[in-house]
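Peer 1: The following comprises the amino acid sequence and a computationally predicted model.
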Amino acid sequence: MVLLALHLQNTLLLRAIPGLNDVTKALLGPVSEQVMVLQNIGSSVLVSENQLSELHQILIEAAKLLNTDAPDLYIRQNPVPNAYTLAISGKKPFIVVHTSLVELLTRKELQAVLAHELGHLKCDHGVWLTFANILTMGAYSVPGFGMVAGFLEEQLYRWLRAAELTCDRAALVVVQDPKLVISVLMKLAGGCPSLADQLNVDAFLEQARSYDKAASSPVGWYIRNAQTRELSHPLPVMRAREIDEWSRSPEYRTVQHKIIQLGLGLGLGLTEQADETIVHN
């Protein structure tokens, strides 16, 4: 598929940049890892069987369906709805979800978010994703790194956008309902707890088609690219349109068929064949 091909192409481009691996290792060494771990242990709530057990259960279910290990999950007090994954090569990764996102989403929508984050781990985004998160969270303030960050920014953001589209597919594989994934994107674009039950997924998809039409002219194409080139995530309407299209694709139907054919429930992982379809098609 074109989207995943773009994601892999940009990963290869990043790896080909001279010295980038050395810079990444320097930024993401043992000290950086310890800072991240202590920050979350000290100021967040670690989810487990004995702490926020319902969240723990939907994480385990999603991880089993994606045939990957469940990382640590932290809930962090923050008014900005967000979730992100941090991972250092060879080390245990973890997911952080903000409390405002928990308040905004239903249980199944929250599982879609967790599956999206697990998709980053399944696709082995690992160090690159952490590197990107550090860059977007203020690497320009690191002495001597501002110039390097500026050089990498455009390529890194292009990679991030492609990776996000790939991981939306992991969310769909787990919740098996494109409207749930699109609902998450819609709420992130303009939702709040008091309006959540009034939002309409079909209307949001129509909005996405309107955006495509408005951006189809030469001037519209230029404006769209100028507005999105420095974004770490694709626009919500674009993500909604892409996941809606993929939900109708032969690749997704193959995944569904494997799950149904083999009677895979939440207690079992995907088969190797279905696994290959998710990650490589």
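Peer 2: Nice, I can see it.
Peer 1: CA only for contacts and neighbour counts going forward, please
Peer 2: Fine.
Peer 1: A171 reaches V113, doesn't it?
Peer 2: Yes. Using Cα atoms under 8 Å, A171 is in contact with V113, at 6.6 Å.
Peer 1: what are the ranges of the strands in the chain?
Peer 2: 45-46, 72-76, 83-86, 94-98 (DSSP state E).
Peer 1: and those strands as JSON lines, adding distance to I60 and mean neighbour count?
Peer 2: Output for the strands of the chain, formatted as JSON lines (distance: least, Cα to Cα, whole Å; neighbours: other Cα atoms under 10 Å):
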{"stretch": "strand 45-46", "distance to I60": "14", "mean neighbour count": "18"}
{"stretch": "strand 72-76", "distance to I60": "10", "mean neighbour count": "20"}
{"stretch": "strand 83-86", "distance to I60": "16", "mean neighbour count": "22"}
{"stretch": "strand 94-98", "distance to I60": "13", "mean neighbour count": "21"}
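Peer 1: now the ones you listed in TSV, with mean pLDDT and distance to A208?
Peer 2: Formatted as TSV, the strands of the chain follow (pLDDT from 0 to 100; distance: least, Cα to Cα, whole Å):
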stretch	mean pLDDT	distance to A208
strand 45-46	96	36
strand 72-76	96	31
strand 83-86	88	23
strand 94-98	95	27
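Peer 1: of those strands, which approaches C123 most closely?
Peer 2: With Cα to Cα as the criterion, C123 lies closest to strand 83-86 of those, at 12.5 Å.
Peer 1: And the closest one, what does it pack against?
Peer 2: If you count contacts as 3 or more Cα pairs under 8 Å, 6 or more residues apart in numbering; DSSP states H and E, strand 83-86 packs onto strand 94-98, helix 107-122, helix 126-136.
Peer 1: Can you list the strands that that strand pairs with?
Peer 2: strand 94-98 (antiparallel) (DSSP bridges).
Peer 1: what comes into contact with the partner strand?
Peer 2: 71-87, 114, 117 (Cα atoms under 8 Å, 6 or more residues apart in numbering).
Peer 1: could you redo the last one with a cut-off of 6 Å?
Peer 2: Identification of contacts with strand 94-98 by Cα atoms under 6 Å, 6 or more residues apart in numbering yields 71-78, 81-86.
Peer 1: Output the strands of the chain as CSV; include the columns distance to V37.
Peer 2: Output for the strands of the chain, formatted as CSV (distance: least, Cα to Cα, whole Å):
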stretch, distance to V37
strand 45-46, 11
strand 72-76, 10
strand 83-86, 10
strand 94-98, 9
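Peer 1: and of the ones you listed, who's closest to V35?
Peer 2: Nearest of the strands of the chain (Cα to Cα): strand 83-86, 11.9 Å.
Peer 1: For V219, give its distance to K213.
Peer 2: Separation of V219 from K213 (Cα to Cα, to the nearest Å) stands at 12 Å.
Peer 1: pLDDT below threshold where in the stretch 101-250 of the chain?
Peer 2: 126-153 (pLDDT under 70).
Peer 1: ok, 50 please
Peer 2: Confidence mapping of the stretch 101-250 of the chain against pLDDT under 50 gives the ranges 140.
Peer 1: can you give me the helices for it?
Peer 2: For the stretch 101-250 of the chain, helices defined by DSSP state H, counting those that start in this stretch occupy the ranges 107-122, 126-136, 146-175, 178-190, 201-214, 218-228, 236-246, 250-261.
Peer 1: Just name the most buried of those.
Peer 2: Of the helices of the stretch 101-250 of the chain, the one with the most neighbours on average (mean count of other Cα atoms under 10 Å) is helix 107-122, at a mean of 25.
Peer 1: Run through who's touching that one.
Peer 2: Against helix 107-122 from outside (Cα under 6 Å, 6+ apart): I58, A62, C167, D168, A170, A171, L180.
Peer 1: which residues does the second one contact?
Peer 2: If a contact means Cα under 6 Å, 6+ apart, then A62 has A115, V174 as its contacts.
Peer 1: What separation is there between it and L110?
Peer 2: 11 Å.
Peer 1: With the first one instead?
Peer 2: I58 sits at a distance of 8 Å from L110 (criterion: Cα to Cα).
Peer 1: what's the closest of the contacts of strand 94-98 to K187?
Peer 2: Among the contacts of strand 94-98, and counting by Cα to Cα, the member closest to K187 is P81, at 9.4 Å.
Peer 1: My understanding was that the closest one contacts E103; is that so?
Peer 2: No. Here P81 does not reach E103: they are 8.8 Å apart, not a contact under Cα atoms under 6 Å.
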